[in-house]
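Asks: Build me a structure from this.
(one chain, ligands or ions: 2)
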Amino acid sequence: MSSFDRNWRELQLETLVDLSLTIGRVRPEEELADELLQRAVGTLDAGSGLVATLHPGGQEAIVRALGMAPSFEAVRAFFPDDLLEELAAGRYVRAQREVGDAPFELLVAPLRAGREVLGAVVLGDKETRVGRIPFSDSDARFLLALASMVGTAVASSRQVAAIERDRQRLADENRELRDVARREGFIGEAPVVREMLETVRRVAPTGVNVMLRGESGVGKERVARLLHSFSDRSSKPFVPLNCAALPESLLEAELFGIEAGVATGVQRRLGKIELANGGTLFLDEVGDLTPGLQAKLLRLVQEREFERLGGRERIPVDLHLVTATNRDLEAMIDSGGFRRDLYYRLRVVVIAVAPLRERRTDIPLLARHFLEVYGDRFGRPGVKLSRDALAALMAFDFPGNVRELENLVQAAIALAPGDVITEEDLRLHTGRVAAAPSDATVSLAELERQHIERVLRSVGGNRAAAARVLGIDRSTLYRKMMRDAPSDATRNTAHEPT
Ligand SMILES: Nc1ncnc2c1ncn2[C@@H]1O[C@H](COP(=O)(O)OP(=O)(O)OP(=O)(O)O)[C@@H](O)[C@H]1O
Ligand SMILES: [Mg+2]
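Replies: Residues are numbered from 1 along each chain as shown. Ligands and ions are numbered 1, 2, ... in the order given. Take a look at the predicted model:
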């Protein structure tokens, strides 16, 4: 081997080593094509060169050329039809052409990933001090090695690009999903929430019976509304009914409706089932249904028809049934409190709504949302949380979940003297409420009475505001106040003689 050849070999080896050191880094396909072209032309002293990569269908992706027309088609035209087959087999190809009088040689090597040809590198005639000479076999093997390294790199670059595209598409979908949910008044971006929204979106159009599980105040009714708005029935009614709010006979009438003339003077009244026809019926606290109503509901679910109270006509209905409970239905089934057959029909898909303490990153978003909503409603727009107040909320466990956060924010807006809610304004209702019983002999009823009084005082006697703070409706508050009033009187008189 001449010293010239030795230097030559050394240069080729160095080029390969050099490339192997940088090739692991993911780079754009254009950059890889450029690098291959420059290294191949430079190391092999080619008079011209071209690198082209192909899309899976065979279309040109990138073409880079030096001293040659940048078209893969033109180059391919020099070769017999079996060019691609040879390249796919991982072999290099030589082609001789007459250009004018002189023979013109092209050397082609494939860029491959496995057996797939991702492109080719083409070199034209070697230019040396002694003029144009053909490429040697060792030149060809070098080119093959160079191209094979770059082929692998192009494949991983494409894979990374595909993953990035997927990620982008998912992010877009996620954003869209979140925006739709937000328009429906559902706030949340924590991973568990995103996952749940994805399930909601997939399940909603299918119309299968969905059961929502989760602690009180986590937002089960909100999710039920989302199921409705993501379904193809969103223009039809969403009808919620709380099964725990009414005694059996009233609940039955509320659900099934009443036929005219059941008793004197009774007019026909449509039940929630009929009102929800074509839309979604949401039965909250479904675990509170009595055995009688469970049986009737089972018939509705199985036969998709029902009768009004006192009626004989079987009325067909078409509705999505969404149920919710925070009770342990499985234990109730074991103890005979809930029908197993109904249970399986209601829980075709179960969606668990996570407690707020398991998605703390949503606390600031929800707090800001409620600040906006109630700030506007109470004529206090622009009211904000101090940093400490937010930190206190982030650290709080929220046994009452989102509802509790909502109530806290409302109360704080009502209580805060300025536009910034401090930790003090909040603490009144977080730590202190639970820590209130200084006298361990106080009964629950008494404690409730004291707490109602305290809240009433804190909102300046405004009963609507007090009801909101307490998380009960106004009529419940009145009832509790009415109950307390006479008992106060009796106690006072009873104590007078002593
Ligand atoms: N992700 C949320 N975004 C905005 N508001 C929410 C969200 N989740 C819950 N809320 C609000 O919190 C309150 C309680 O929610 P919801 O009534 O849906 O809870 P729930 O799980 O049905 O409670 P319960 O078990 O007591 O019936 C409602 O005022 C609701 O608007
Ligand atoms: Mg509810």
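Asks: and whatever residue of the chain ends up closest to ligand 1, what is it in contact with?
Replies: Using Cβ to the nearest ligand atom, the closest approach of the chain to ligand 1 is made by residue 219 at 2.5 Å. Using the backbone N, CA and C atoms, a C-beta is placed for each residue, glycine as well. Residue 219 makes contact with 186, 353, 401-402, according to Cβ atoms under 8 Å, 6 or more residues apart in numbering.
Asks: near ligand 1, from the residues you listed?
Replies: Counting by Cβ under 6 Å from any ligand atom, 186, 402 from those sit close to ligand 1.
Asks: I'd assumed residue 26 was in contact with residue 156.
Replies: Yes: shown here, residue 156 and residue 26 form a contact pair, counting by Cβ atoms under 8 Å, at 6.2 Å.
Asks: Quick check on these two: which one has the bigger neighbour count.
Replies: Using other Cβ atoms under 10 Å, the more surrounded residue of residue 156 and residue 26 is residue 156, with 16 against 12.
Asks: Give me the most central residue, this structure.
Replies: residue 194 (2.6 Å; Cα atoms, centre = their mean).
Asks: Please determine how far that residue is located from residue 324.
Replies: Note on residue 194: its distance to residue 324, by Cβ to Cβ, to the nearest Å, is 21 Å.
Asks: and the gap between the residue lying closest to residue 87 once chain neighbours are set aside and ligand 2?
Replies: Closest residue in space to residue 87, ignoring its immediate chain neighbours: residue 110 at 3.6 Å, by Cβ to Cβ, 6 or more residues apart in numbering. Between residue 110 and ligand 2 the computed distance is 64 Å (Cβ to the ion, to the nearest Å).
Asks: Adjust the sequence numbering to begin at 41 for everything that follows.
Replies: Noted, 41 is the first residue going forward, which turns the last one into residue 150.
Asks: ok, the residue in the stretch 341-490 of the chain that ligand 2 sits nearest to - contacts?
Replies: In the stretch 341-490 of the chain, the residue that lies nearest ligand 2 is residue 364 (5.9 Å; Cβ to the ion). By Cβ under 8 Å, 6+ apart, the contact set of residue 364 is 251-254, 260-261, 264, 322-326.
Asks: Quick check: the farthest pair among the residues you listed?
Replies: 254 and 323 (15.0 Å; Cβ to Cβ).
Asks: The residue of the stretch 91-240 of the chain found nearest ligand 2 - how many residues pack around it?
Replies: Ligand 2 sits closest to residue 226 of the stretch 91-240 of the chain, with a gap of 13.8 Å, by Cβ to the ion. Here the count is done by other Cβ under 10 Å, and residue 226 has 19 residues near it.
Asks: same deal with residue 271?
Replies: Look at residue 271: counted by other Cβ under 10 Å, it has 21 neighbours.
Asks: still on that earlier bit, am I right that the residue of the stretch 91-240 of the chain closest to ligand 2 sits in a helix?
Replies: No: counting by DSSP: H, G, I helix; E, B strand; the rest coil, residue 226 is located in no helix; its state is coil.
Asks: ok, the residue lying closest to residue 428 once chain neighbours are set aside - contacts?
Replies: In this structure, residue 428 finds its nearest non-sequential neighbour in residue 463, 4.1 Å apart by Cβ to Cβ, 6+ apart. Contact analysis of residue 463 by Cβ under 8 Å, 6+ apart lists 426, 428-429, 431-432.
Asks: Pull out the buried residues from the residues you listed.
Replies: 426, 429, 432 (16 or more other Cβ atoms under 10 Å).
Asks: out of those residues, which are inside strands?
Replies: Here DSSP state E is the test, and the buried ones among the contacts of residue 463 give no hits in strands at all.
Asks: From those, pick the one nearest residue 284.
Replies: residue 432 (32.1 Å).
Asks: Give me the spatial nearest neighbour of that closest one, chain neighbours excluded.
Replies: Closest residue in space to residue 432, ignoring its immediate chain neighbours: residue 463 at 4.8 Å, by Cβ to Cβ, 6+ apart.
Asks: same deal with residue 341?
Replies: residue 385 (4.8 Å).
Asks: ok, now which ones touch the closest residue to ligand 2 within the stretch 41-190 of the chain?
Replies: Nearest residue of the stretch 41-190 of the chain to ligand 2, counting by Cβ to the ion: residue 66, 49.1 Å away. By Cβ under 8 Å, 6+ apart, the residues touching residue 66 are 196-197, 200.
Asks: got it, and residue 253?
Replies: Residues near residue 253 by Cβ under 8 Å, 6+ apart: 260, 364-366, 390-393.
Asks: and what of residue 270?
Replies: By Cβ under 8 Å, 6+ apart, the contact list for residue 270 reads 220, 240-241, 244-245.
Asks: and the gap between it and residue 212?
Replies: Applying Cβ to Cβ, the value for residue 270 to residue 212 is 17 Å.
Asks: Not counting sequence-adjacent ones, nearest residue to the residue nearest to the centre of the chain?
Replies: Using Cβ to Cβ, 6+ apart, the closest residue to residue 234 is residue 214 (6.1 Å).
Asks: again with residue 394
Replies: Residue 394 sits nearest to residue 232 (Cβ to Cβ, 6+ apart), 4.5 Å away.
Asks: Next secondary structure element downstream of the helix or strand hosting that neighbour?
Replies: Assigned by DSSP states H and E, residue 232 belongs to helix 231-243. Next helix or strand after helix 231-243 toward the C-terminus (DSSP H and E): strand 250-253.
Asks: quick one: is that next one near ligand 2?
Replies: No: Strand 250-253 lies apart from ligand 2 when judged by Cβ under 5 Å from the ion; the minimum separation is 8.7 Å.
Asks: Quickly run through the sheet partners of that strand, with directions.
Replies: Strand 250-253 sits in its sheet next to strand 360-365 (parallel), strand 389-392 (parallel), going by DSSP bridges.
Asks: any idea which of those strands is most buried?
Replies: Ranked by mean neighbour count, these are led by strand 360-365 with a mean of 26 (mean count of other Cβ atoms under 10 Å).
Asks: which secondary structure element contains residue 183?
Replies: helix 177-223.
Asks: domain parsing for this protein?
Replies: 43-201, 225-394, 396-475, 477-538 (automatic domain parsing).
Asks: end-to-end on the longest one?
Replies: By that I understand domain 225-394. Across domain 225-394, the terminal residues are separated by 17 Å (Cα to Cα, to the nearest Å).
Asks: same thing with the first one?
Replies: End-to-end distance for domain 43-201: 45 Å, by Cα to Cα.
Asks: Now it: average pLDDT?
Replies: Mean pLDDT, domain 43-201: 85.
Asks: what do you get for the shortest one?
Replies: The average of the pLDDT scores along domain 477-538 is 68.
Asks: for stretch 387-401, same thing?
Replies: 96.
Asks: how about the residues of the stretch 291-440 of the chain that lie near ligand 1?
Replies: So the stretch 291-440 of the chain meets ligand 1 at 324, 364, 366, 406 (Cβ under 6 Å from any ligand atom).
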